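[1] sequence first, then the predicted structure:
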Amino acid sequence: MRAFLWTIATMTERFSPKFIPVVDLRAGSLSVPASSLVAANSMSANGQVSDKLGRNLRDLRISVTDRCNFRCNYCMPKEIFDKDYAYLPHTSLLSFEEIVRIARQFVKHGVQKIRLTGGEPLLRKNIEGLIEQLAALRTLDGNPLDLTLTTNGALLARKAKALKAAGLQRVTVSLDGLDDAVFRSMNDVDFPVANVLDGIHAAQAAGLGPIKINMVVKRGTNDQEILPMARHFKGSGMVLRFIEYMDVGATNGWRMHDVIPSAEVIQHIQSELPLVALEAASPGETAQRWGFANATGAHDRAAGEIGVISSVTQAFCSDCNRARLSTEGQLYLCLFANQGYDLRSLVRGSATDEDLVSAIGHIWSGRTDRYSELRSAMAADAGTGGRRVEMSYIGG
Ligand code: SAM
Ligand code: SF4
Ligand code: SF4
């Protein structure tokens, strides 16, 4: 694994003209405190574990690969993730058996939803085999998990049926615009938008719904696509969500100037398509929901809804119930954390399932993370300092 220093001066002008040291954070991990392994009884699964801010553990995101076939400039800029980039060796990755074993312990603590992500999760060989095993898990109430996956859609047309057959319930597809030139330049590998649209249709046909579509909005890059996207997905049965461009990782040259606040996105859409605010569907939901309105101003259910994810301008840490498991088995308590807890060394060591349950419970119950709220309290461009892990490593 290499650590490297790189200057932003070599990048295109769409990035900040500052020097940004880029440090490989993947080795930065905390070992799991021994005390958490001896207190198995106090932390054995009782159905729910709360953190220091009273937030229950509900949602587990699992990154299954750090590789991707796209080079979205806000996530894996080509200049960094080039042919010399040292991806994790296969032996570092959690095996499917290890992932399922860890996931099972999370479920004992009340996790109800698992999202597979990456990198690009559909690049992981035989991902269907992992899905099949995760689909067999049951929540504490005896129900199937809400099992979903976030993908760039490039391989979806080919894989949708097999994913559904393996037990995947639904997918979220990232799509940053409908204009082919804009889309090709955002994925930066010249991938045509038509192929992703084909993938979305295949997912719909396979019954992988309700499908969510994620669009990261970056000022001056794809903001002209907001209305065409809203028009396209209105009435489609799919939920389009606009995501504020975030300061994740250390490689994307993030500047506040490039963020289009969700309020501006909503205002822009309202100029043509009237919207009405909707209630949150579930606690800890990341998106604020807006319904397309009919002539009387009421929600037109047939037209559907959109969502906005305002991670930068309106922090939603207060009910954040998400844990993240990195490709190599580090448990992260926040998307913006700079260190994870090394669960892989436990599963590859002599830890029993009870030890794992106990460790997870202790780690979660000590959680105080609320990065976005802290950032909101500071000058926007300042961030909270410190090094952060890359999105492609920890997953979205
Ligand atoms: N490769 C898959 C994909 O793109 O859907 C899954 C992994 S990707 C890291 C998960 C989500 O994170 C995607 O919807 C992507 O658009 C979003 N994302 C990545 N970098 C981001 C950033 N800097 N700000 C906001 N969202 C970002
Ligand atoms: Fe790949 Fe997804 Fe990151 Fe784009 S956002 S580079 S598709 S991991
Ligand atoms: Fe959750 Fe961290 Fe995002 Fe806040 S900043 S919502 S704690 S992941």
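    Done, it's in. Residues are numbered from 1 along each chain as shown. Ligands and ions are numbered 1, 2, ... in the order given.

[2] can we go C-alpha only for contacts and neighbour counts from here?
    OK.

[3] what about the strands in this protein?
    29-30, 59-63, 113-117, 146-151, 170-174, 212-217, 239-244, 275-277, 288-292, 305-309, 322-325, 330-332, 340-342 (DSSP state E).

[4] ligand 1: which of those strands is closest?
    strand 146-151 (3.7 Å; Cα to the nearest ligand atom).

[5] right, is the closest one up against ligand 2?
    No. Residues of strand 146-151 are not located near ligand 2 by Cα under 6 Å from any ligand atom, the shortest gap being 6.7 Å.

[6] L137: neighbour count?
    18 (other Cα atoms under 10 Å).

[7] surely it meets R104?
    Yes. Because the distance of 7.0 Å satisfies Cα atoms under 8 Å, L137 is recorded as touching R104.

[8] tell me the pLDDT at the residue of the chain positioned farthest from its centre?
    Going by Cα atoms, centre = their mean, the residue of the chain most distant from its centre is T296, 36.4 Å out. We have a pLDDT of 97 for T296.

[9] now F316
    So F316 comes in at 83 (pLDDT).

[10] and it, what does it touch?
    Listed by Cα atoms under 8 Å, 6 or more residues apart in numbering, the contact set of F316 reads 284, 286, 372-373.

[11] got it, and R61?
    114-117, 322-325, 395-396.

[12] and which of the residues you listed is nearest to ligand 3?
    Distances from ligand 3 to the contacts of R61, taken by Cα to the nearest ligand atom, are shortest for R322, at 6.5 Å.

[13] so of the contacts of F316, which ones are in helices?
    Using DSSP state H, the members of the contacts of F316 that fall within helices are 372-373.

[14] ok, and the most crowded of the contacts of F316?
    S372 (25 neighbours).

[15] what is the burial count for the residue nearest to that residue when sequence neighbours are not counted?
    Nearest non-adjacent residue to S372, counting by Cα to Cα, 6 or more residues apart in numbering: A315, 5.1 Å away. By other Cα under 10 Å, 19 other residues sit near A315.

[16] and for N143?
    11.

[17] and what of F233?
    17.

[18] surely it meets L227?
    No. When contacts are counted by Cα under 8 Å, F233 is not listed as touching L227 (10.0 Å).

[19] returning to that earlier point: same list, the contacts of F316, but only the ones touching ligand 3.
    Okay, of the contacts of F316 touching ligand 3 (Cα under 6 Å from any ligand atom), that's S372.

[20] format the contacts of F316 as JSON lines; extra columns: pLDDT and distance to ligand 2.
    Shown next, in JSON lines, are these (pLDDT from 0 to 100; distance: Cα to the nearest ligand atom, whole Å):
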{"residue": "G284", "pLDDT": "73", "distance to ligand 2": "22"}
{"residue": "T286", "pLDDT": "87", "distance to ligand 2": "17"}
{"residue": "S372", "pLDDT": "87", "distance to ligand 2": "20"}
{"residue": "E373", "pLDDT": "87", "distance to ligand 2": "23"}
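
[21] what segments of the chain are helices?
    34-38, 96-108, 127-135, 156-166, 180-187, 193-206, 226-233, 262-270, 344-347, 353-365, 371-376, 391-394.

[22] to A337, which of those helices lies closest?
    helix 371-376 (8.0 Å; Cα to Cα).

[23] is any part of the closest one close to ligand 1?
    No. Helix 371-376 stays clear of ligand 1 (Cα under 6 Å from any ligand atom), getting no nearer than 12.7 Å.

[24] tabulate the CA atom coordinates of that helix in CSV.
    The C-alpha coordinates for helix 371-376 follow below in CSV (Å, rounded to 0.1, in the frame of the first residue of the first chain):
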residue,chain,number,x,y,z
TYR,A,371,-19.1,15.6,11.0
SER,A,372,-21.7,17.4,8.9
GLU,A,373,-23.2,19.2,11.9
LEU,A,374,-19.7,20.3,13.0
ARG,A,375,-18.9,21.5,9.5
SER,A,376,-22.1,23.5,9.3
